[in-house]
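below are the sequence and a predicted model; questions follow.
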Amino acid sequence: MFNRIFLDSIYLKKYGFKKGIRYLTEQTNKQIATFAAMEFSSKLIEKAVNEIAQLPGIGKRSALRLVLHLLKQPKEQTGFLAQALINMREDIKYCENCHNISDSSVCEICANKNRNHQLVCVVEDIRDVMAIENTGQYRGVYHVLGGKISPIDGVGPSQLKIATLVEKVKSGSVSEVIFALSSTMEGDTTNFYIYKQITDADIVISTIARGIAVGDELEYADEVTLGRSILQRVPFEKSFKTN
Ligand SMILES: [Zn+2]
């Protein structure tokens, strides 16, 4: 950093301020351009890198690293990967009951007769279903909205699977709806929007408890979390009994 400032000041002295600034801007632009335009010696590699680089969180450099890794692997390994992606995209279905991603028209959770179908947990997407399933504590079913209401991202209620949830509640097949969306403004807005539509139904409407994480020191918890933990305190016996 110091070197850069030192060199820049030399250029400014050498070319005069106006000319120096123009020179430095040109140099910086050149550097940016070199970084953005990767020179490929193979069009095949370039195409593969460009495709992989479209995935979220993967830049061109990471994409190149992945492509070079695939080249080092046996040829059939790439075939397995490509086939798995094609099969996934072509054969994937959405459960007609809860909208979760599924291999069949009704997902395994909805098809399971041992689960409590009157208990419906409202979540954003399949990752939340997986997270709750991993706890092994929940025996109800889910309703996957497919996102949260977010005007900034252009996501309105009609783009989410809200109507089918309201229908489900109004049909009388649900005894409790549990909101398990993330504790953000979008999550709270979505909860409230759904709540307004089902509040007249004769069911229990609950939300997952927000509180201090297991193993966390109290003094490091933020005020909102700590405040909610106090307001949503539970009887002590419930703190060590499950269900
Ligand atoms: Zn389902």
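Received it, and whenever you're ready, just let me know what you need. Quick caveat, the model's predicted, so the values are computed rather than measured.

got a list of contacts for the longest strand along the chain?
Longest strand of the chain, by residue count under DSSP state E: strand 116-123. Strand 116-123 is contacted from outside by 110, 129, 132, 138-145, 165, 168-169, 173-181, 191, 194, using CB atoms under 8 Å, 6 or more residues apart in numbering. No exception for glycine: its C-beta is placed from N, CA and C like everyone else's.

which members of those additionally contact the ion?
Cys110 (CB under 5 Å from the ion).

model confidence for Thr164, exactly?
The score at Thr164 is 96. That number is its pLDDT.

ditto for Gly156
On the pLDDT scale, Gly156 gets 93.

that one contacts Ile149, correct?
Yes: with contact defined as CB atoms under 8 Å, Gly156 and Ile149 form a contacting pair (6.6 Å).

who has more neighbours out of the two?
Ile149 (24 against 12; other CB atoms under 10 Å).

before we move on, back to that, I'd like the average pLDDT over the longest strand of the chain.
Per-residue scores along strand 116-123 average to 96.

what's the angle between the helix or strand following it and strand 116-123?
Proceeding N to C from strand 116-123, the next assigned helix or strand is helix 126-135, under DSSP states H and E. If you take axes from the mean of the first three to the mean of the last three CA atoms, to 10 degrees, helix 126-135 sits at 130 degrees to strand 116-123.

any idea how far helix 126-135 is from the chain center?
Chain-centre distance of helix 126-135: 13 Å, with CA atoms, centre = their mean, to the nearest Å.

following that helix, which helix or strand comes up?
Immediately after helix 126-135, counting by DSSP H and E, sits strand 140-144.

now do that following strand, average pLDDT.
97.

returning to that earlier point: of the contacts of strand 116-123, keep whichever come out buried.
Among those, those buried by neighbour count (16 or more other CB atoms under 10 Å) are 110, 129, 132, 138, 140-145, 165, 168-169, 174-175, 177-181, 191, 194.
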